[in-house]
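*Asks:* structure of the sequence below:
(chains A and B)
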Amino acid sequence: VQLVQSGAEVRKPGASVKVSCKASGYIFTGYYIQWVRQAPGQGLEWVGWINPNSGATNYAQKFQGRVTLTGDTSVTTAYMQLDNLKSDDTAIYYCARGVPYSNPGGTWGQGTRVAVSS
Amino acid sequence: QSVLTQPPSVSGTPGQRVTISCSGGSSNVGSETVNWYQHIPGAAPKLLIYNDIQRPSGVPDRFSGSKSGTSASLVISALHSGDEAEYYCAAWDDILNGPVFGGGTKVTVL
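*Replies:* Numbering: from 1, shown residues only, chains lettered A, B, ... in the order given. Reported below is the predicted structural model:
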């Protein structure tokens, strides 16, 4: 069971970023994908989740209107797009597998560093 | 401001027992299960405890979890130098329909 994320990104304020999370070793549609981030010097913060089976999503209020989670079952990959980036979006973004309506479990991606700087 | 409350730091000498608390509310810790994660900078968070008290295979039995009402605890019964890390609790929140995290507790081995 593995989640492999795309590489580090650098963006300017106002731009968008799309991070991928490739799943393998399990039935992709059987688990949620949670997205969690850690900004420098801060704790873990939930961004949102997607049910790859139905496409249903839920986002933390803080990111509503700026984040879009999608999934492509043909390539067992989940995506997180964050728009209108701000400097305080600089963080490591993690995807994690979870059973429906539960916390992230034991399988996490390696993290994707996103830096937002002018 | 995290939804779940943890002490910012705890410390102990090798072999000592340390306890990390996690306080929440009726919509999260009080009604849903708690997970605990160990996070070392540069690595992905590692699941230590799930469903309040369960340990994934490979996690030493020095780590144990408990819960009562709206509070949960992680106990490291005999501290090792390799346990230096940040520890986070998390619980599903029925109102937010997503997980909420504690602010993290830094464990230092003296």
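*Asks:* residue A:113: how many residues sit nearby?
*Replies:* Look at residue A:113: counted by other CB atoms under 10 Å in any protein chain shown, it has 14 neighbours. From N, CA and C alone the C-beta is placed, and that goes for glycine too.
*Asks:* which residues touch it?
*Replies:* Going by CB atoms under 8 Å, 6 or more residues apart in numbering or on different chains, residue A:113 touches A:8, A:9, A:91, A:92, A:93.
*Asks:* how about 6 Å then?
*Replies:* For residue A:113, the contact set (CB atoms under 6 Å, 6 or more residues apart in numbering or on different chains) comprises A:8, A:92.
*Asks:* how distant is the helix or strand harbouring it from the center of its chain?
*Replies:* Residue A:113 belongs to strand A:112-116 when assigned by DSSP states H and E. Centroid separation for strand A:112-116 versus its chain: 12 Å, with CA atoms, centre = their mean, to the nearest Å.
*Asks:* can you pull up the most central residue in chain A?
*Replies:* Chain A has residue A:35 as the residue nearest its centroid, 3.6 Å off, counting by CA atoms, centre = their mean.
*Asks:* start to end distance for stretch B:69-81?
*Replies:* Terminal residues of stretch B:69-81 lie 32 Å apart, using CA to CA, to the nearest Å.
*Asks:* if we can go back for a sec, what helix or strand is the closest residue to the residue nearest to the centre of chain A other than its chain neighbours on?
*Replies:* In space, and not counting its chain neighbours, residue A:35 is closest to residue A:47: 4.1 Å by CB to CB, 6 or more residues apart in numbering or on different chains. Taking DSSP H and E as the definition, one finds residue A:47 inside strand A:44-50.
*Asks:* and that strand, what does it pack against?
*Replies:* Judged by 3 or more CB pairs under 6 Å, 6 or more residues apart in numbering or on different chains; DSSP states H and E, strand A:44-50 is in contact with strand A:32-38, strand A:57-59, strand A:67-72, strand B:98-101.
*Asks:* is any residue of the last one near chain A?
*Replies:* Yes - contact check for strand B:98-101 against chain A, using CB under 6 Å from any CB of the partner chain: residues in range are B:98, B:99, B:101.
*Asks:* what sits up against that strand?
*Replies:* Identification of contacts with strand B:98-101 by CB under 6 Å, 6+ apart yields A:44, A:46, A:58, A:103, B:3, B:4, B:28, B:88, B:90, B:92, B:93.
*Asks:* the third one reaches residue B:93, doesn't it?
*Replies:* In this case it means residue A:58. No - contact criterion CB atoms under 6 Å: residue A:58 and residue B:93 do not qualify, at 10.9 Å.
*Asks:* tally up the residues packed near residue B:7, please.
*Replies:* The number of residues near residue B:7, taken as other CB under 10 Å, comes to 15.
*Asks:* so it touches residue B:104, yeah?
*Replies:* No - using CB under 6 Å, residue B:7 is not in contact with residue B:104; the gap is 9.7 Å.
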